[in-house]
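>>> What shape does this take:
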Amino acid sequence: IQPPYHQGRMWAYTAGFTVLPHIGGFLGWFINRKEIPVWYEKLKKPSWCPPRKIFPVAWTVLYTGMGYASYLIWNDLGGCSSKALVPLGLYGAQLVLNWAWPPLFFSARNLKMALIDILCLDALAIGTTCSWYRINKIAALLMVPYLGWLAMATCLTIRIWKDNPEQKAGKSE
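Residues are numbered from 1 along each chain as shown. Got it, this is the predicted structure:
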């Protein structure tokens, strides 16, 4: 049996890991919130583009799942150990690219860099999930909806990049 102080600390770790992805997601939304109605709405988008209202709901679910999954991996590997370096390093790298996409896309309006970012993000997210599968299958399964959403987001980014050639060079104001 673990002492009560240890259990309390574990709740803090669980909450911390689960909330962490939301921080960058919220900052990305906050910084870019004015660009969405002004610029994004004017872009040519495919018919299968999800409505704007879906995005915050989807990202809340996805960030919560991946954050909790990262906690499971961290916990199973005994915290910040040498065994955790690659699986959590991949996770951290993909999270940075995830957070970088909105400023590239919305603020810089650089569709080419956003596309490069999301393609690298896809590779790192897949690598993260594969590395986690050997450690904790539940954690890996929690990443599957994220991978699905990234597949759609990648296809959407490619289509927007291809269908809006005047926007490819970046901000033009």
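>>> At the geometric centre of the protein, which residue sits there?
Geometric centre of the chain, nearest residue: residue 98, 4.0 Å, by Cα atoms, centre = their mean.
>>> For that one, what are phi and psi?
In terms of degrees, to the nearest 10, the main-chain angles of residue 98 are phi -60, psi -50.
>>> what's the weakest-modelled helix or strand in the chain?
Using mean pLDDT, DSSP states H and E, helix 35-38 stands out as the lowest-scoring helix or strand of the chain, at a mean of 71.
>>> So which residues lie in contact with the helix or strand that it is followed by, not counting its own?
Tracing the chain C-terminally past helix 35-38 and defining elements by DSSP states H and E, one meets helix 54-76 next. Surrounding helix 54-76, the residues in contact under the criterion Cβ atoms under 8 Å, 6 or more residues apart in numbering are 10, 13-14, 16-22, 25, 29, 50, 80, 84, 87-88, 91, 95, 132, 135-136, 138-140, 142-143, 145-146, 149. All C-beta atoms are positioned from the backbone trio N, CA, C, and that covers glycine.
>>> now the helices for this structure?
4-32, 35-38, 54-76, 85-102, 111-133, 137-163 (DSSP state H).
>>> between these, which one is nearest to residue 46?
Taking Cβ to Cβ, helix 137-163 is the member of the helices of the chain nearest to residue 46, at 4.9 Å.
>>> list the buried ones in the closest one?
Across helix 137-163, burial judged by 16 or more other Cβ atoms under 10 Å covers 139-140, 142-143, 146, 149-150, 153, 156-157, 159-161.
>>> out of those, which one sits closest to residue 104?
Using Cβ to Cβ, these come closest to residue 104 at residue 157, 10.0 Å.
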